[in-house]
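S.K.: Sequence first, then the predicted structure:
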Amino acid sequence: MKDHGLRDLLAHPDRNKVQQGLELLRTLDDPALDSALAGKAHVDADGRVVSELPVDVTLVLLASSTARSTARGAVSLDLSFSKLRFLDLGGWDRVAELSVQGNLELKELKTLPPSLVELCVDDTPLGALPLLPQLKSLSAAGCTNLQLGRLPSSLESLSLQRAFLTAVPTNLPRLEILELDGTMIRMLGQELESLPRLRRLSLANTPLTRIYEPGVIQHAELRELDLRNTPYARTGRVARLRRSTHPLLCIEA
């Protein structure tokens, strides 16, 4: 770390918080972290340590309240609302949870660790995501530019609220929670057949007009179906659907 960066760091009013955060991050023993701490650094009013990497990537390292150890020594990074433009976490092999929510200028996630199991990119202009083979939870609410492409089959929870989406994602054998509120979906066809573990499906506030009812009736695991504020909910077909499904399924309309 250069001298002026160190002076800025030590001048921060909450020095203990910053120091604890840096010490925690140092335990990662990753080349990416070494590069970050060796570059120019300063701390803003929220306790963020901002480093400029030589590969033209802006990386925000937060202090102990945000960069925290999780189970088995994994690390959770919360970089929400940090004014990021690019992010490269290549070499950060112990990061399990990452949030970049609200970074309104973040257009590229160059490299993410394959160890990632939880990712939140809500309200960012990202156009694509790298394939993460171990990802279990993805939240991309409000990502109107996002092109989903291939999703990892490991997903258990998927939130795409207010995303520009016209069809229900399929071929996710482990998915249990699917939130599609505020999307452009007009029809629920036979997609549920490729989502055998789905327990909750939310289609509230969509232009949904048609449902392939046998797919809902025959789905053994589905427990919650939210159809509020949809054209379908304003028809008499909801009552018929409720009478036909198993008693454990709650349909909100």
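M.R.: Yes, it's here. Numbers count the residues shown, from 1 in each chain.

S.K.: what is the rounded mean pLDDT of stretch 196-216?
M.R.: If you average the pLDDT over stretch 196-216, you get 96.

S.K.: How many residues are close by residue 158?
M.R.: 23 (other C-beta atoms under 10 Å). Every C-beta, even on glycine, is put in place using the N, C-alpha and C of the backbone.

S.K.: Repeat that for the one 10 residues further on.
M.R.: For residue 168, the number of neighbouring residues by other C-beta under 10 Å comes to 20.

S.K.: From residue 197, how far out is it?
M.R.: Per C-beta to C-beta, to the nearest Å, residue 168 is found 15 Å from residue 197.

S.K.: try residue 159
M.R.: On the measure of C-beta to C-beta, residue 159 and residue 197 end up 16 Å apart.

S.K.: So those two - more neighbours on which side?
M.R.: When residue 159 is set against residue 197 and neighbours are counted by other C-beta under 10 Å, the residue ahead is residue 159, at 20 against 15.

S.K.: residues touching the more buried one, list them.
M.R.: 138, 139, 140, 141, 177, 179 (C-beta atoms under 8 Å, 6 or more residues apart in numbering).

S.K.: give me that answer again for 6 Å
M.R.: 139, 141, 179 (C-beta atoms under 6 Å, 6 or more residues apart in numbering).

S.K.: isn't residue 188 right up against residue 213?
M.R.: No - assessed by C-beta atoms under 6 Å, residue 188 is found out of contact with residue 213, at 9.2 Å.

S.K.: These two - which one has more neighbours?
M.R.: residue 188 (24 against 14).

S.K.: In space, what's closest to the more buried one - neighbours in sequence excluded?
M.R.: Leaving aside its chain neighbours, residue 188 sits nearest to residue 211 (4.6 Å; criterion: C-beta to C-beta, 6 or more residues apart in numbering).

S.K.: residue nearest the centroid of the chain?
M.R.: The chain has residue 120 as the residue nearest its centroid, 2.2 Å off, counting by C-alpha atoms, centre = their mean.

S.K.: Specify the beta-bridge partners of that one.
M.R.: Legend: beta-bridge partners of residue 120 under DSSP bridges are residue 99, residue 139.

S.K.: what sits against it?
M.R.: Neighbours of residue 120 in contact, by C-beta under 6 Å, 6+ apart: 99, 101, 139.

S.K.: any idea how far the residue lying closest to residue 162 once chain neighbours are set aside lies from residue 141?
M.R.: Sequence neighbours aside, residue 182 is the residue nearest to residue 162 in space, at 4.1 Å (criterion: C-beta to C-beta, 6+ apart). Separation of residue 182 from residue 141 (C-beta to C-beta): 8 Å.

S.K.: Now do the shared contacts for these two.
M.R.: In contact with both residue 182 and residue 141: 161, 162, using C-beta under 6 Å, 6+ apart.

S.K.: Residue 180 reaches residue 205, doesn't it?
M.R.: No - assessed by C-beta under 6 Å, residue 180 is found out of contact with residue 205, at 9.6 Å.

S.K.: These two: who's more crowded?
M.R.: Using other C-beta under 10 Å, the more surrounded residue of residue 180 and residue 205 is residue 180, with 26 against 17.

S.K.: quick one: that one from residue 123, how far?
M.R.: 16 Å.

S.K.: Show me the shaky parts of the stretch 51-200 of the chain.
M.R.: 51-74 (pLDDT under 70).
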